[in-house]
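In: task: produce atomic coordinates for the following.
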Amino acid sequence: MIYDPLVAGDAVRCAELELVLFRGDGPWSAASFLSEIGSGHTTCLAARSGDLLVGYAVLAALGREGDREFEVHTIGVAPAHRGRGIGRTMLRRLLAVADAESAPVVLDVRTDNVPARSLYESHGFEVVGLRPRYYRPSMADAHLMVRPARYGPDGGEGNGS
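Out: Got it, this is the predicted structure:
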């Protein structure tokens with residue numbers, strides 16, 4: 001698997017995957033992906049199997065440098081490539097961006113998406129709220145999850161001194 005930045009030419013494939021993965025929850029369009037890829041405040045990752053894009057992830061930086069939080073906008077992996085650690089690897093790479101600034105990370109996840117919630121919890125996220133009828137048009141609820149800032153060169157909490 002090759003992990004590298006999303007590029008404009010990936011937008012259509014990302015939108016195709018969104019239709020498969022998030023059909024009932026307002027999947028992103030190619031234009032939405034182009035906007036994120038072209039933004040100066042996002043980190044957009046691709047997972048490629050040969051020439052085929054099989055996964056994508058988008059992280060947004062919110063606030064001023066030195067006083068930021070980050071938000072995971074989306075992570076998606078083609079169904080035929082799930083269970084291979086692709087989503088986990090992309091999440092770790094996104095979290096490394098936030099850890100470099102010792103910043104917290106937030107995200108929303110469907111309350112019934114147990115695999116995604118378990119992945120996030122295994123990386124230090126905690127449910128801090130409920131967003132009723134958050135996803136459209138499905139009207140599914142979402143958990144608001146937060147991962148506190150990590151400090152120190154290893155992303156740990158530091159030694160307190």
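
In: which neighbouring elements make contact with the lengthiest strand in the chain?
Out: Counting by DSSP state E, the longest strand found in the chain is strand 52-62. Packing contacts for strand 52-62, counted by 3 or more Cβ pairs under 8 Å, 6 or more residues apart in numbering; DSSP states H and E, involve helix 11-21, helix 30-37, strand 42-49, strand 69-77, helix 86-100. C-beta: built from backbone N, CA, C; applies to glycine.

In: pull out the buried positions in that strand.
Out: Within strand 52-62, the residues scored as buried using 16 or more other Cβ atoms under 10 Å are 53-61.

In: got any ranges where this structure has weak pLDDT?
Out: Low-confidence segments of the chain (pLDDT under 70): 152-161.

In: 80 - rerun?
Out: The model of the chain has pLDDT under 80 over residues 24, 133-140, 151-161.

In: just checking, Leu21 touches Pro27?
Out: Yes: with contacts counted by Cβ atoms under 8 Å, Leu21 reaches Pro27, the gap being 7.3 Å.

In: residues near the residue nearest to Gly76 when sequence neighbours are not counted, how many?
Out: Nearest non-adjacent residue to Gly76, counting by Cβ to Cβ, 6 or more residues apart in numbering: Leu21, 4.8 Å away. Counted by other Cβ atoms under 10 Å, the residues lying close to Leu21 total 17.
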